[in-house]
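Colleague: Predicted model and sequence below, questions to follow.
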Amino acid sequence: MSARVALAVSIPQTFQDRAVDVGAIRAYLARAEALGFHSAWVVEQVLGSIPSLEPVELLTYAAAVTERLRLGTAVLLTALRSPVHLAKSLATLDHLSGGRLDVGVGLGGNPNIYPAYGFTADRRAARFAEGLALMKRLWTEPRVTFEGEFFRLQNASMEPKPVQKPHPPLWFGAHHPNALRRTAQMGDAFMGAGSLSTAKFAEEVQMLRRLLEAAGRDPAAFPIAKRVYIAVDRDKARAGSRLRDWFGAFYGRPQMAEEVCVWGPPEECVAGLRGVVAAGAQMLMLNPVFDEMEHLEVFASELKPGLS
């Protein structure tokens, strides 16, 4: 196993059957940093019955209580947001974190949520691409005049620019071939979804590499990662049962646990993660859905040695 494989973790963000515990989040982030994890990531889930903290605000808190961890979104549904406001928020967060921000972006898999934000789902891909193009210009140009289908600015400026140049890395989440094509054309990196099996992720990586070559970009220089839902437990049946309960509550599909997760004793989890790396992941974003602090320790002591 190559030493190039980086290990990242998700930040506790959803609180099923428990109160939001800010102290536990802070302790988790401190321990993740002390254990040497590469980065810590959040997801966007605004609507839903399971309590879930807003991603940009949560990363702002994470920036204040850490010093070295990179901090990422995987992913923000940017077509639901004003690109001007979002560009400002993320540039501010890049400063507050000292240039540690990674910006994951995507369309999301449920077009039915768009009317709740005042938009129709049609032309959402065009809105997404145009919004990102505007954000990049606001981050890199002193004055911006922009005449698009959805957004218009005249001689506008936005300061301060992000710390990272030309801007924080844009990690794309994508499934559809058109979305993978946008990734190859506009993105800086690719984040495979946790809701995908390893086999499906491998297919997407192969397609993305072909699209990168067609776009004149070097696939070897394009970072690729995957969120991996994981439960390390020598009682494999217990771990599977807890995963099914979580997937039933969060996705409405308990059977997804068997389809997409890595779970069981440490040695089986290492084997499963090796499969994700073989499929193309250069970074593994480990996402426990229960016992988060306990999992951090196991990741560092029992999984990390087997992946280095």
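Modeller: Arrived safely.
Colleague: was I right about Pro166 contacting Arg137?
Modeller: No: taking C-beta atoms under 8 Å as the definition, Pro166 is not a contact partner of Arg137, at 10.4 Å. Placement of C-beta: from N, CA and C, glycine included.
Colleague: ok, the two, which is more surrounded?
Modeller: When Pro166 and Arg137 are compared for neighbours, Arg137 comes out ahead with 19 against 11, by other C-beta atoms under 10 Å.
Colleague: Who are the packing partners of the particular helix or strand that has that one in it?
Modeller: Per DSSP states H and E: Arg137 is located in helix 124-140. Other helices and strands packing on helix 124-140, by 3 or more C-beta pairs under 8 Å, 6 or more residues apart in numbering; DSSP states H and E, are helix 83-96, strand 144-147, helix 177-186.
Colleague: outside of it, which residues touch it?
Modeller: 78-79, 81, 83-84, 86-88, 90-91, 105, 107, 111, 114, 119, 144, 146, 148-151, 153, 156, 158, 161-162, 166-167, 170, 178-179, 182, 186 (C-beta atoms under 8 Å, 6 or more residues apart in numbering).
Colleague: May I have it as CSV, with CA atoms only?
Modeller: The C-alpha trace of helix 124-140 is given here as CSV (Å, rounded to 0.1, in the frame of the first residue of the first chain):
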residue,chain,number,x,y,z
ARG,A,124,-29.9,23.6,-12.5
ALA,A,125,-26.7,22.3,-14.1
ALA,A,126,-26.3,25.6,-16.0
ARG,A,127,-26.9,27.6,-12.9
PHE,A,128,-24.3,25.5,-11.0
ALA,A,129,-21.6,26.0,-13.7
GLU,A,130,-22.3,29.7,-14.1
GLY,A,131,-22.3,30.3,-10.4
LEU,A,132,-18.9,28.6,-10.0
ALA,A,133,-17.5,30.6,-12.9
LEU,A,134,-18.6,33.8,-11.2
MET,A,135,-17.1,32.7,-7.8
LYS,A,136,-13.8,32.0,-9.4
ARG,A,137,-13.7,35.4,-11.0
LEU,A,138,-14.6,37.2,-7.7
TRP,A,139,-11.8,35.3,-6.0
THR,A,140,-9.2,36.1,-8.6
